[in-house]
Each structure stands twice: as structure tokens, then as C-alpha cells.
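> Quick one: sequence and predicted model below, then my questions.
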Amino acid sequence: MSLNTDWFTERHLASGSAISFRIKEKLHAEQTPFQHIEIYATTDWGHLMVIDGCVMLTSRDNFLYHEMMSHPVLYTHTSPKRVVIIGGGDCGTLREILKHREVETVVQCDIDERVTRLSELYFPELCESNGDPRATLMFDDGIAYMKALDAESVDVVIVDSTDPIGPAEGLFNQAFYASCLRALRPGGILVQQSESPLVHVELIKAMRDAMRNAGFDHLRTLPFPQPCYPTGWWSCTLARKHLDLGTFRERGAATKQFATRYYNVDTHKAALAMPEFLRAALE
């Protein structure tokens with residue numbers, strides 16, 4: 001990471017590339033017990049959140065990530081009533097989940113409360129559903145939380161984490177996935193952000209192997225655009241036991257009673273159509 005004059009730049013060595021945002025000012029910076037958080041005002045992308053030197057989200061394009069982490073999994077599940085989010089401190093995924101009327105409870109467990117408090121201040125549009133009576137915001141260790149959940153007690157687990165370093169490292173291994181599988185009811189689904197399909201294929205393969213070894217036997221990796229992340233292309237991986245992930249409630253998605261900016265029936269279908277190079281690498 002470097003800050004040169006009026007630009008914030010994140011360099012991504014693994015892909016030999018970088019992304020820059022023209023900034024107007026630094027609005028906030030602090031070191032929490034877990035990570036270093038910065039907030040910038042940009043000239044064209046709204047507010048920018050950076051954690052440990054890595055871009056987390058911008059006001060302009062976060063809807064792509066939050067919608068794809070939420071709606072594909074909820075429309076794939078036949079009746080998602082109880083949802084758990086591990087991570088997700090900016091609350092954008094929580095907001096999208098609560099658009100689904102059939103969802104009865106959502107617990108969001110993020111280890112760092114400051115991410116949420118800063119989001120409430122600088123990304124208030126993402127936090128507009130935080131007061132929904134169906135929502136519970138917890139600030140604790142997500143790994144320990146999943147271990148402590150009752151068996152077969154939730155329908156969907158969404159792992160909305162940072163990259164697999166620092167506090168999020170333990171969210172990318174077989175032991176954690178096994179605790180998720182134990183907590184899921186029959187037909188339940190795990191979904192986790194799975195980095196860039198262009199430059200993180202080995203990580204995606206390792207994640208999928210760990211999910212299979214934990215007991216999940218049906219996997220789907222869904223790519224989607226995300227301009228502010230390395231390569232501009234991101235993904236989430238869905239995992240389930242016994243039931244296929246290639247179909248979803250198309251009629252429900254087509255007649256949804258809420259607004260989205262990216263997600264619809266056709267973008268869901270498109271995400272299920274795996275590119276040839278990724279298919280060859282993962283299958």
C-alpha cells in the first residue's frame with residue numbers, strides 16, 4: 001500500500017497489478033485490537049474502507065459483493081429461516097438478507113466491533129437494517145461461535161470475511177467447515193467469499209478440498225464482478241450436503257418484492273455457468 005499525493009493505491013503482488021482511488025481526504029484511521037482501519041473520501045467512488053492496507057469496500061460498488069453473497073444462497077435454499085453471518089461487520093450483507101421476508105432471524109458475529117461502528121458513521125446506507133428486530137449483532141470470535149451452536153440449528157451460514165490472513169485465517173480450514181456442517185439443518189447451505197478466480201485458483205481449490213473433507217459433497221463457485229478488488233473479478237463458494245446447488249427458486253427470484261442493483265434471475269444463472277479455465281482447474 002502507498003499513499004501518493006491524492007491517490008490511495010493497493011498493490012497486489014500476486015497478480016502484478018494495482019488499483020488506485022483518487023482521494024479528497026483521509027477521514028479516519030485507527031488501530032483496533034485486531035486490525036488497522038482507514039476511511040477515505042474519494043472523488044468518484046464515495047467512501048473507501050481499507051483494512052490492513054487492503055481495500056474492503058467503496059460506496060460505489062459494494063452492492064455487487066453484498067448482493068452476490070446473499071441472494072444466490074437464499075434463493076437456492078428452499079426455505080431459509082435462520083441465518084448466521086460470520087464477519088460482515090460493514091452490515092451490507094445483513095441488509096440484503098433482511099430483504100427476504102421468509103428469514104426469521106439473522107445473527108451477525110464479527111470479531112471487531114469498530115468495523116460496524118465506523119460503517120454506521122461512514123456507510124450508513126449499509127446499516128439501515130441494523131435495528132430490524134430479526135437481527136442480532138454480536139462482536140465475538142466467529143470460530144468459537146460456530147463451534148458452540150446447537151447441531152442442526154441454522155439454515156444458512158454466510159462467511160463474509162476478509163482475506164485468509166490475520167483474524168480471518170481460521171475461517172478457511174476443514175475444522176471450521178466441519179463446525180458449519182454440524183450447525184446446518186438438512187438442506188442447509190454454507191457460502192463463503194472465495195477471492196479472485198483469476199489469481200487465487202489454488203486458494204479456491206484448497207477451500208473446496210477442505211469443504212469436501214469436512215463432509216460437504218456438493219460445491220459451486222460463483223464468479224462475479226468486483227472492481228475494487230484485485231483483478232476486478234471475485235467469487236463466492238456454496239457448499240451443501242446431499243443436495244445439488246445448480247438449481248434455485250427462479251420464480252421467487254423473478255418476483256422478488258425488493259430492489260437490487262445487480263442480482264436477478266439471469267445474473268444468478270450466469271454465475272452458475274462456470275468459465276472453462278475455472279472448470280478445468282476445479283473439477
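Sure thing, it's come through.

> For the rest of this, base every contact and every neighbour count on C-alpha atoms.
OK.

> For the stretch 101-250 of the chain, which residues score under the pLDDT cut-off?
The stretch 101-250 of the chain contains residues with pLDDT under 70 at 162-171.

> go again using 80 as the cut-off
162-172 (pLDDT under 80).

> Just the residues contacting the helix or strand that contains G252, thanks.
Here G252, judged by DSSP states H and E, is contained in helix 250-254. With CA atoms under 8 Å, 6 or more residues apart in numbering as the test, helix 250-254 has contacts from Y75, N264, V265.

> for the stretch 151-283 of the chain, what spans make up the helices?
174-183, 201-214, 250-254, 265-272, 276-282 (DSSP state H, counting those that start in this stretch).

> Give me whichever of those helices is most buried.
Mean neighbour count (mean count of other CA atoms under 10 Å) peaks for helix 174-183 among the helices of the stretch 151-283 of the chain, with a mean of 21.

> Using PDB, write down the CA coordinates of that helix.
The C-alpha trace of helix 174-183 is given here as PDB (Å, rounded to 0.1, in the frame of the first residue of the first chain):
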ATOM      1  CA  GLN A 174     -11.600 -28.100   7.500                       C
ATOM      2  CA  ALA A 175     -12.200 -27.700  11.200                       C
ATOM      3  CA  PHE A 176     -14.200 -24.600  10.700                       C
ATOM      4  CA  TYR A 177     -16.200 -26.000   7.800                       C
ATOM      5  CA  ALA A 178     -17.000 -29.100   9.900                       C
ATOM      6  CA  SER A 179     -18.500 -26.900  12.600                       C
ATOM      7  CA  CYS A 180     -20.600 -25.200  10.000                       C
ATOM      8  CA  LEU A 181     -21.800 -28.500   8.600                       C
ATOM      9  CA  ARG A 182     -22.700 -29.700  12.100                       C
ATOM     10  CA  ALA A 183     -24.800 -26.500  12.700                       C
END
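
> Would you mind getting the angle between it and helix 201-214?
Here helix 174-183 points in a direction 50 degrees away from that of helix 201-214 (axes from the mean of the first three to the mean of the last three CA atoms, to 10 degrees).

> So which elements touch helix 174-183?
helix 142-148, helix 201-214 (3 or more CA pairs under 8 Å, 6 or more residues apart in numbering; DSSP states H and E).

> Reformat the ones you listed as TSV; add distance to S179.
Shown next, in TSV, are the helices and strands packed on helix 174-183 (distance: least, CA to CA, whole Å):
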stretch	distance to S179
helix 142-148	5
helix 201-214	9
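
> Could you report the neighbour count for T58?
When counting by other CA atoms under 10 Å, one arrives at 23 neighbours for T58.

> typo on my end, V107
Using other CA under 10 Å: V107 sits among 17 other residues.

> Doesn't it lie inside a strand?
Yes. Judged by DSSP: H, G, I helix; E, B strand; the rest coil, V107 forms part of a strand.
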